[in-house]
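Got a sequence here, can you model it:
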Amino acid sequence: MSGTLFIVATPIGNLEDITPRALRILREADLIAAEDTRVTRELLAHFEIMTPLTSYHQHSGGRKAEALLRQLAEGSRIALVSDAGMPGIADPGHELIRLAIDSGVPVVPVPGATALVAALAGCGLSTIRFSFEGFPPRDPAERAALFESRREMPHTLVFYESPPPPADHAARPARGARQPARRRRPRADQAGRGVRPRLTGRSHRLVPGPRAGRAVCCAGGGGFRGGKAVAALRLLYSCGARMGRLGHEVP
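Residues are numbered from 1 along each chain as shown. Alright, predicted model coming up:
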């Protein structure tokens, strides 16, 4: 009999945001597939959960997914978690979810905190209609082209952003910005807001995401006017580089 793949949301900034159901699933699962076992191990230790861990991330490759699918086919209950928030949303877990569905394995979402929804709810911009754009490209030209293609959209745009890796010279952080030694789960949520109409012709609300250096940027409708997409590019790079010091002026 086939097992079940549980898609379990974890806290995005405050450990109290995890649900009783999520804790129960994590305890009862036969295995937890985690984006980063170091991050998830901290969460499990806090709640005294002893379920075995394995890694599943963007570099895992097809063999790891096949191994997890075999375990599911043999009846295992596997909980899929990301570093924070809901797996499968701009997250490598979406591939395992798709493969499980294609294989006839039951997939059960266990709802909880999601950075995208939290940012929208608290940003003060219109949420009647919005477009989630995920992570913009790292390449400056590709990123500028993305903003240019979105400049006339009248509804709220939502982006995820994280600091560039040390080798990513095209997305070098602002002078003096600190780089994290490793990714850690914050113990309290934070929020920052700023309005930058003179830069881009759009209003912005900047909301830090699940870990230091990751942010959710919500841009209000009105269009990136007159080639101001480059200013929006600088805004998002600043979100990634400033490591939680959001709302400051972009140099």
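
Where in this structure is the helix or strand with the lowest mean pLDDT?
Least confident helix or strand of the chain, by mean pLDDT, DSSP states H and E, is helix 197-200 with a mean of 38.

so where is the protein shaky, pLDDT-wise?
Applying pLDDT under 70 to the chain flags the ranges 1, 61, 163-214, 222-251.

need the strands for it, in chain order.
Under the criterion DSSP state E, strands of the chain are mapped to 4-8, 31-34, 53-55, 77-81, 107-110, 130-132, 156-161, 204-208, 215-219.

So what are the sheet partners of the first one and their directions?
It stands for strand 4-8. Sheet pairing for strand 4-8, assigned by DSSP bridges, gives strand 77-81 (parallel), strand 107-110 (parallel).

what's the neighbour count on Val107?
16 (other C-beta atoms under 10 Å). Bear in mind the C-beta positions are built from the backbone N, C-alpha and C, glycine included.

got a list of what Leu146 touches?
Glu133, Pro136, Pro137 (C-beta atoms under 8 Å, 6 or more residues apart in numbering).

ok, now Glu35?
Glu35 makes contact with Ser55, Tyr56, His57, Val81, Ser82, Asp83, Pro87, Asp91, Pro92, Gly93, according to C-beta under 8 Å, 6+ apart.

For it, give its distance to Glu42.
13 Å (C-beta to C-beta, to the nearest Å).

What count of nearby residues applies to Val8?
Val8 has 27 nearby residues by other C-beta under 10 Å.

quick one: the nearest residue to Ile7 once chain neighbours are set aside and Ala118, what's the gap?
Excluding the flanking residues, the one nearest Ile7 by C-beta to C-beta, 6 or more residues apart in numbering is Pro109, at 4.6 Å. Note on Pro109: its distance to Ala118, by C-beta to C-beta, is 17 Å.

For those two, indicate the residue with more neighbours.
Shown here are Pro109 and Ala118; by other C-beta under 10 Å, Ala118 has more neighbours (20 against 15).

right, and the more buried one touches Ile12 too?
Yes: with contact defined as C-beta atoms under 8 Å, Ala118 reaches Ile12; the gap is 6.5 Å.

on that earlier part again, give me whichever of the strands paired with strand 4-8 is most buried.
strand 77-81 (a mean of 25; mean count of other C-beta atoms under 10 Å).

got the contact list for Ser103?
Leu69, Leu72, Ala73.

Any quick PyMOL command for the buried ones out of the residues you listed?
Per 16 or more other C-beta atoms under 10 Å, the buried members of the contacts of Ser103 correspond to this PyMOL selection:
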select buried, resi 69+72
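
and which of the contacts of Ser103 is nearest Met153?
Closest approach between the contacts of Ser103 and Met153, by C-beta to C-beta: Leu69, at 38.3 Å.
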